[in-house]
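Participant: predicted model and sequence follow; I will ask about them next.
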Amino acid sequence: MMETTNKPLTSIDDLMDAEFGKTGTRQREAFRKEAYDYCVKSNLERKQKKIRNRIQQQNKTVCIMNDLQEKAKIGFYCNRPYGMRIDYAQKGFVLFNRYANTLGNRETGSIEKLPLESFEDVNEIPLNGILVQNGNHTTDVYFYSEESNPYRNATLDLEALKQYNRFIYPLSILLNRTL
């Protein structure tokens, strides 16, 4: 129990009355308003901190998602076939990526310099693609163009990816490999 000079204090009301005056006095009302404002300010600061933390977390998530999308795009351009050259005279073919290089190679190359894989019956290779260009003894098949590129926008176009996979799947079965 707290002692004051006048009498012992037995409750919070007694303490408040002794320190700030009776309820309804100007001093007590000023304290009540100050205490109320402090509580409101504290609550607002806590809520603002929660909001800032949530925004920071969302920003981190967006950055992670952007990084993952960029990695997926680069992986698609590097590891998935952009096109295929079939050489009928040498009975072979080569799959090339967006960088005109062998799959998995991210450096820009030249289709003419890529090594051919032997394939006895090159006439069985499906010529399904967005663009088919015939040369003297070669045919170049492109599986997507700038307009049908699954990554032409900032996000993945699933319809364009489905179309791409419709071209790749029969080729994957024929070659007995994952493309």
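Facilitator: Okay, I see it.
Participant: output the contacting helices and strands for whichever strand or helix holds Lys71.
Facilitator: Under the criterion of DSSP states H and E, Lys71 resides in helix 26-79. For helix 26-79, the elements it packs on are helix 12-20, judged by 3 or more Cβ pairs under 8 Å, 6 or more residues apart in numbering; DSSP states H and E. (Each C-beta comes from the backbone N, C-alpha and C, glycine too.)
Participant: now the angle from the helix it packs on to helix 26-79?
Facilitator: For the pair helix 12-20 and helix 26-79, the angle between their directions (axes from the mean of the first three to the mean of the last three Cα atoms, to 10 degrees) equals 100 degrees.
Participant: what is the mean pLDDT for helix 12-20?
Facilitator: Per-residue confidence for helix 12-20 averages out to 84 on the pLDDT scale.
Participant: how close does the residue most central in space within the chain get to Leu156?
Facilitator: Central residue of the chain (Cα atoms, centre = their mean): Met65, 2.4 Å from the mean position. Distance of Met65 to Leu156, computed by Cβ to Cβ, to the nearest Å: 11 Å.
Participant: domain assignment for the chain?
Facilitator: 12-79, 80-175 (automatic domain parsing).
Participant: contacts only, for Thr25.
Facilitator: With contacts taken as Cβ atoms under 8 Å, 6 or more residues apart in numbering, Thr25 has no neighbouring residues.
Participant: now do the same for it: its pLDDT.
Facilitator: In the predicted model, Thr25 carries a pLDDT score of 90.
Participant: ok, now Met1?
Facilitator: Here the pLDDT value assigned to Met1 is 49.
Participant: could you do the one 4 residues further on as well?
Facilitator: Model confidence at Thr5, expressed as pLDDT, equals 61.
Participant: so is Met84 in a helix, a strand, or just coil?
Facilitator: Of the three states, Met84 takes strand under DSSP: H, G, I helix; E, B strand; the rest coil.
Participant: give the bridge partners for it, please.
Facilitator: As for beta bridges, Met84 partners with Leu95, Val141 under DSSP bridges.
Participant: close enough to count as contact, it and Gly92?
Facilitator: No: the pair Met84 and Gly92 fails to qualify as a contact (Cβ atoms under 8 Å) at a distance of 10.9 Å.
Participant: between these two, who's got more neighbours?
Facilitator: Using other Cβ atoms under 10 Å as the criterion, Met84 and Gly92 rank with Met84 on top: 24 against 16.
Participant: how far away is that one from Gln163?
Facilitator: Summarising the geometry, the distance separating Met84 from Gln163, computed by Cβ to Cβ, is 16 Å.
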